[in-house]
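S.K.: Provided below for reference: sequence and predicted model.
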Amino acid sequence: MLRQSEFNYAEIKELGICLKGSSQAEIVKCVGSLEEDLEVITKSVKCGAKVTKQRTKGTGKGTVKVNVRIPWDTYVKMFGMEDENLIDGVVSYGENSIHPVFKLTGRVVDEDDNDMLVAYPNATIMSNQTTKIQNDQVDIAAVDLDITITPDEYGNGVYKSIVEDLEESTISDEWMKNFSTTLIRVKEA
């Protein structure tokens, strides 16, 4: 059952980044912002010049922009910078760097400290690397990532849940560390 009261997005508390091949997500607690923009498609039925019917629905696609401080090894993997032909401690970025698909999860709170969980099961970095190094800088910038979202096997690009609405309390921790659709789909009897 869904809540009847409102949920106002106030703060992003943490992100989980689970790269393919990882047993669980890297939980990052230093998050500056998360901005979500989901796509829709509108279809119209016309009779002559008059629109007689119009429907809008989601596509499962979209973009997410995050401002975050992530560990170096995670950053390297997200941008496909690992190269087995280089000595240990050296990474590279170029035409052989393929940005992998990963799962992005998040914990958001409202003004009353109610938690909401979000999950993007098919995420890929779509931005290039930008670096600005400035001497005598007072505030050291976090990384800005532009992420493209594509639909999963069920046609969904994002999943959301208010934690107190969940029947099973264990789902919250599992959601952040190892999100999968089997975790949240109704089990067949």
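M.R.: Good, I have the coordinates. Residues are numbered from 1 along each chain as shown.
S.K.: and stretch 84-101, end to end?
M.R.: 20 Å (Cα to Cα, to the nearest Å).
S.K.: which outside residues touch it?
M.R.: 19-20, 76-83, 122-126, 129 (Cβ atoms under 8 Å, 6 or more residues apart in numbering). No exception for glycine: its C-beta is placed from N, CA and C like everyone else's.
S.K.: by neighbour count, which of these wins?
M.R.: Counting neighbours by other Cβ atoms under 10 Å, residue 123 comes out on top of the contacts of stretch 84-101 with 27 neighbours.
S.K.: okay, now the unreliable bits of the protein?
M.R.: 1-5, 189 (pLDDT under 70).
S.K.: in it, which spans are strands?
M.R.: 11-19, 26-28, 31-47, 50-68, 102-109, 115-125, 143-149, 159-162 (DSSP state E).
S.K.: save these as JSON lines, and put in distance to residue 177 too.
M.R.: Listed next are these as JSON lines, based on distance: least, Cβ to Cβ, whole Å:
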{"stretch": "strand 11-19", "distance to residue 177": "6"}
{"stretch": "strand 26-28", "distance to residue 177": "7"}
{"stretch": "strand 31-47", "distance to residue 177": "16"}
{"stretch": "strand 50-68", "distance to residue 177": "17"}
{"stretch": "strand 102-109", "distance to residue 177": "8"}
{"stretch": "strand 115-125", "distance to residue 177": "11"}
{"stretch": "strand 143-149", "distance to residue 177": "19"}
{"stretch": "strand 159-162", "distance to residue 177": "15"}
